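>>> here is a sequence together with a model predicted from it:
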Amino acid sequence: MINIEKFACGKINFIRKSSGLPLIGHNAFGVIDRGTNLLQVRATTICNLNCIFCSTDAGRFSRTRVNEFIVELEYLLDYVYKVVKFKQINDIEVHLDSLGETMTYPWITELIGRLRENENIKTISMQSNGTLLNGKKIKELEMVGLDRINLSILALDAKLAKILAGIANYDIEKVKDVAKRIAESKIDLLIAPVLVPGYNEGEIPKIIEFGIEIGAGKKFLPFGIQNFMRYKLGRKPKGCRTIRMYDFRKRMEEYEKKYNIKLILSPKDFGIHKAKMLPIPFKKNEKLNVRIASDGRIMGEMIGVARERSISIMRCNANVGDIVKIKILKTKHNLIVAERVK
Ligand code: SF4
């Protein structure tokens, strides 16, 4: 098992059933249901890289994080099964993603194996930066029934890849080897680089050529290229501009023609369709009292609990166990954000 402590920034909090933290409501852990047949399942927030463009400011050198979270296996499975049952459909995709790196979850193989036992889960996919994978691990994940890995490849140039990953020992040759092994296994490979303007624009065609050469996308599509976006708490590389979505799409269209592949993707390409969504038990601007159940992930945040949801409370200076008054700011997709009020 990998030593997760060495990657964590701040304290690692294990979320057990006894913690009283519901696994719906917070974007760092648990289950996210956005009203489709795709469920995002987040088991860990820890990341072993420190990418200079990271939208979640993950990794050891994070400027905003003070706590990391890992969810106990049985507790997480309880929640996933509960939500799967609620949705009453039999073509659910469970997508294991994270505000960190999915492979830092100590029970990832067991998690996938147990999800596979549920007959209403059709597809199990996960995101990974590839650095904690190897031939043995890929074999294990294949055996337990993982369908697809969305692998981020930053650049094929070794020096540039290290700069983008934010750590000196990032080894692109290892990640390339992992990509080849996934492509040779029963697990499908989707290569998902982030286009970071001013840094890896010239690398994108090389990454596409590499993916075609090794046979990415056996069942699903081979690439999911993303445009770098600025986020409030995310990192912005020095000198990096953002490209308008219109211009990004134009560029993707050029590559589509050049390589005869599909790069502009829609949820339909992955069989994603609308499905009933868990009820949202709060209204925007509503004020209520909640119990503080945990410290938050970032500075100034605490996590409260009410109506079977975890609530991210900003600008909250309080102690675990306190009852505080809050105002609900956001409720979209059951990701509940609030602020403390008098
Ligand atoms: S971009 Fe992904 S791999 Fe890189 S630091 Fe952020 S969470 Fe980790």
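Looks like it came in fine. All figures in this text were calculated on a predicted structure; none of them were measured in a lab.

>>> could you use CA atoms for every contact and neighbour count after this?
Will do.

>>> can you give me the domain assignment for this structure?
Listed domain ranges for the chain are 4-270, 287-340 (source: automatic domain parsing).

>>> can you redo those as CSV with mean neighbour count, distance to the ligand and mean pLDDT?
Compiled in CSV, the domains of the chain are given as follows (neighbours: other CA atoms under 10 Å; distance: least, CA to the nearest ligand atom, whole Å; pLDDT from 0 to 100):
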stretch, mean neighbour count, distance to the ligand, mean pLDDT
domain 4-270, 19, 4, 96
domain 287-340, 20, 14, 97
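
>>> now the ones you listed in CSV, with distance to residue 281?
Below are these laid out as CSV (distance: least, CA to CA, whole Å):
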stretch, distance to residue 281
domain 4-270, 10
domain 287-340, 7
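
>>> of all the ones you listed, which lies closest to residue 280?
Nearest to residue 280, of all the domains of the chain, is domain 287-340, at 5.6 Å by CA to CA.

>>> residue 196 contacts residue 240, correct?
Yes. Assessed by CA atoms under 8 Å, residue 196 is found in contact with residue 240 at 7.1 Å.

>>> spit out the contact partners of residue 9.
With contacts defined as CA atoms under 8 Å, 6 or more residues apart in numbering, the neighbours of residue 9 are 46, 59-62, 65-68.

>>> can you show me the helices along the stretch 151-300 of the chain?
Remark: helices assigned in the stretch 151-300 of the chain by DSSP state H, counting those that start in this stretch are 158-165, 172-184, 203-214, 245-259.

>>> pull the distance from the last one to the chain's centre.
Taking the mean of its C-alpha atoms, helix 245-259 sits 25 Å from the chain's own mean (CA atoms, centre = their mean, to the nearest Å).

>>> do the shortest one as well
Taking the mean of its C-alpha atoms, helix 158-165 sits 21 Å from the chain's own mean (CA atoms, centre = their mean).

>>> for that helix, which helices and strands make contact with it?
The contact analysis (3 or more CA pairs under 8 Å, 6 or more residues apart in numbering; DSSP states H and E) places helix 158-165 against helix 172-184.

>>> now the helix it packs on against helix 158-165, angle please.
Computed by axes from the mean of the first three to the mean of the last three CA atoms, to 10 degrees, the angle separating helix 172-184 from helix 158-165 equals 80 degrees.

>>> which residues touch helix 172-184?
129-131, 133-135, 138, 149, 151, 153, 155-158, 161-162, 188-189, 214-218.

>>> starting at the chain centroid, how far to it?
Relative to its parent chain, helix 172-184 has a centroid offset of 20 Å by CA atoms, centre = their mean.

>>> what does stretch 9-23 give?
With CA atoms, centre = their mean, you get 18 Å for stretch 9-23.

>>> pull it out as CSV, backbone CA atoms only.
Extracted C-alpha coordinates of stretch 9-23, given in CSV (Å, rounded to 0.1, in the frame of the first residue of the first chain):
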residue,chain,number,x,y,z
CYS,A,9,-1.0,18.6,2.6
GLY,A,10,-2.5,19.1,6.0
LYS,A,11,-4.2,16.6,8.2
ILE,A,12,-5.7,13.4,6.8
ASN,A,13,-9.3,12.9,8.0
PHE,A,14,-10.8,9.4,7.6
ILE,A,15,-14.6,9.7,7.1
ARG,A,16,-16.3,6.8,8.8
LYS,A,17,-19.9,6.2,9.4
SER,A,18,-19.4,7.2,13.0
SER,A,19,-18.2,10.6,11.9
GLY,A,20,-21.8,11.6,11.1
LEU,A,21,-20.7,13.2,7.8
PRO,A,22,-23.2,12.4,5.1
LEU,A,23,-21.5,11.5,1.8
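
>>> and residue 150, helix, strand or coil?
Taken by DSSP: H, G, I helix; E, B strand; the rest coil, the conformation at residue 150 corresponds to strand.

>>> for residue 302, grab phi and psi.
Here is the backbone geometry of residue 302 (degrees, to the nearest 10): phi -130, psi 160.
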